[in-house]
Structures are given as structure tokens and as C-alpha cells.
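Participant: Coordinates for the following, if possible.
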Amino acid sequence: MANFKFNRFNEDRNFFVILSAIITLISLLMLLVAVCGYRYEFFSIKFSLLVLTKYGVYASILGTALSLVAFGYSFKISSRYYSIIISILSFAINVTIITFFYNNILALKSNPMINDVSTSYYDIIEYKIYKNHNLPSDEHKLLQKFGGFKMPNYDLSTLLINNKTKDQVFKESLKITISMGLDVTYNNLEEGIIEAVDTSFWYGFEDDMIIRIEQLISDDIIVDVRSASRVGRSDFGKNVTRIRDFLEKLKNI
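Facilitator: Coordinates of the predicted model:
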């Protein structure tokens, strides 16, 4: 019987490099299909995130381990420089993918399970364009929707502006909204309403922000903001961050 011995590497080829590169490509392909499939409505958000994206990240973890092994074996073959470059590139890609989704998991765990935030829990702003966010006037439902009775964003409150007209505040609010990268879908000075949508880069998730500007009898201006996600039970803290960012900019006008 012939004496056969399988070597994982020889003087010209590092099989771990080939394997790590293949796994990395599979991971990238699964993530790309997940994004495109959801954006073009081939897949549901559940399938895209919990199947394709989830196992794509798992593939990246495997690819990271293989790239480290490949890097070590690179020093045992003659064409080591090519093998080293491929293993480092594979490692960098996989670590980037893992880090990105790890940060998203941290954001999910560190923020309350809500997707609709407002500066007012009681005087709720009704959307003009995307009316799916509008609920029946049931205080308990609305409080629960905005974060429950514990009110995790209790410090988020109406902004009071002095020495500015409603027209000035409205125009500045419109400029700030556009500068934040949101697409304005509705604006009416008489109503004091600005509505806009923010679309995420990868999956195209859409969050709607609405601004209400009112003039008091004292001529002071009050500004309330609401931001809500169209899909998902958690917004990863995006809505409250968006509102805080807007109000901080408006304070400095």
C-alpha cells in the first residue's frame, strides 16, 4: 500500500490561506445578499438579520481564526510574502465586520427596547406624512411606546427659545434638519411643522423625525421633537441621539 501523508502546506502553497480567503468571501457575500435582499424586498428583515447577517458574522469569526493560522504557516513555505499579505488582508476584513456588529450589539443591549422617542410624553406630535406612527389617544399605550412608565429619556424636554421669532426658529430648524442629512418630506411655517426622514446607510432603515414649533402668548418659542423608527422593536438609541443632536444645534442659533 502506498504511503500517503497529507500536508496542510508545502513549499509553494498554504491551504489555510486559501480556506480563510474563501470563508471571508462567503461572509462578505452573505452580508451583501442580506442588505440587498432587504432593500429590494426579496427577504424579510427577520431573515436578513437573523439568518444571513447572523451566519455571515459567524463566518467572519471562523475566517479570523483561519487567517491567524494561515499567517503562522506562511513562514513555513517559500512563497511566504503572498501568503502573509492575503492572511493579513483576510484578518483585517473579518475583524472590521466583527467589530462593526459587536458595536451594534452593545448599542442594542445598552439602550431601552423602544423605537419612538419624544420631548413630550403627554402632548404627542402627530405625523403629517408617515401616519403609521400615529396611535389612538390612549395614554398608557403611548407611554409604553415611548419607553414605558420608567421613562428612560425623562431628561429629554421641550426647548424654550427667547428673543427669536417663530419664522427665525422655523428657518433655522429647517437648515439644521437638512444639514443632519435628513430628507424633508413636509414643512409648513403656519403650522410650525417640519417632518423629515433619515435613511440608514446599509439596510436602508427609515426613521421619521417631526419638529413642532409654537409661539406662546409671551412671544417665547417652544420646540418639541419626535423621532420614530418604521421597523424593529429597538432603535439602538438612534432616535434619542438624533433629537439631542438637533436640539443642541438649535440652542446655538
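
Participant: CA atoms for contacts and neighbours, from now on please.
Facilitator: Fine.

Participant: tell me the domain boundaries of the chain?
Facilitator: 15-110, 116-251 (automatic domain parsing).

Participant: which of those is buried the deepest?
Facilitator: domain 15-110 (a mean of 18; mean count of other Cα atoms under 10 Å).

Participant: Going by mean pLDDT, which of the domains of the chain comes out lowest?
Facilitator: Set side by side, the domains of the chain give their lowest mean pLDDT on domain 116-251, at a mean of 88.

Participant: Report the distance from that domain to the chain centre.
Facilitator: Here domain 116-251 is found 18 Å from its chain centre; the criterion is Cα atoms, centre = their mean, to the nearest Å.

Participant: start to end distance for it?
Facilitator: Across its full length, domain 116-251 reaches 23 Å end to end, with Cα to Cα, to the nearest Å as the criterion.

Participant: now swap in stretch 114-128 and tell me
Facilitator: Length of stretch 114-128, first residue to last, Cα to Cα: 22 Å.

Participant: For the longest helix seen in the chain, name the packing helices and strands.
Facilitator: Assignment by DSSP state H gives helix 80-110 as the longest helix of the chain. With contacts taken as 3 or more Cα pairs under 8 Å, 6 or more residues apart in numbering; DSSP states H and E, helix 80-110 sits against helix 15-39, helix 54-73.

Participant: swap the cut-off to 6 Å and go again
Facilitator: Contacting helix 80-110 under the criterion 3 or more Cα pairs under 6 Å, 6 or more residues apart in numbering; DSSP states H and E are the following elements: helix 54-73.

Participant: contacting residues around the helix it packs on?
Facilitator: 16-17, 20, 23-24, 27, 30-31, 84, 87, 91, 94 (Cα atoms under 6 Å, 6 or more residues apart in numbering).

Participant: Format the residues you listed as JSON lines; extra columns: distance to K175.
Facilitator: Putting the contacts of helix 54-73 into JSON lines (distance: Cα to Cα, whole Å) gives the following:
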{"residue": "F16", "distance to K175": "54"}
{"residue": "V17", "distance to K175": "51"}
{"residue": "S20", "distance to K175": "48"}
{"residue": "I23", "distance to K175": "46"}
{"residue": "T24", "distance to K175": "43"}
{"residue": "S27", "distance to K175": "40"}
{"residue": "M30", "distance to K175": "39"}
{"residue": "L31", "distance to K175": "35"}
{"residue": "I84", "distance to K175": "50"}
{"residue": "S87", "distance to K175": "47"}
{"residue": "F91", "distance to K175": "42"}
{"residue": "N94", "distance to K175": "39"}
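
Participant: Closest one of these to V197?
Facilitator: Closest approach between the contacts of helix 54-73 and V197, by Cα to Cα: L31, at 24.7 Å.

Participant: which ones are touching the closest one?
Facilitator: Residues touching L31, when contacts are defined by Cα under 6 Å, 6+ apart, comprise 53, 56.
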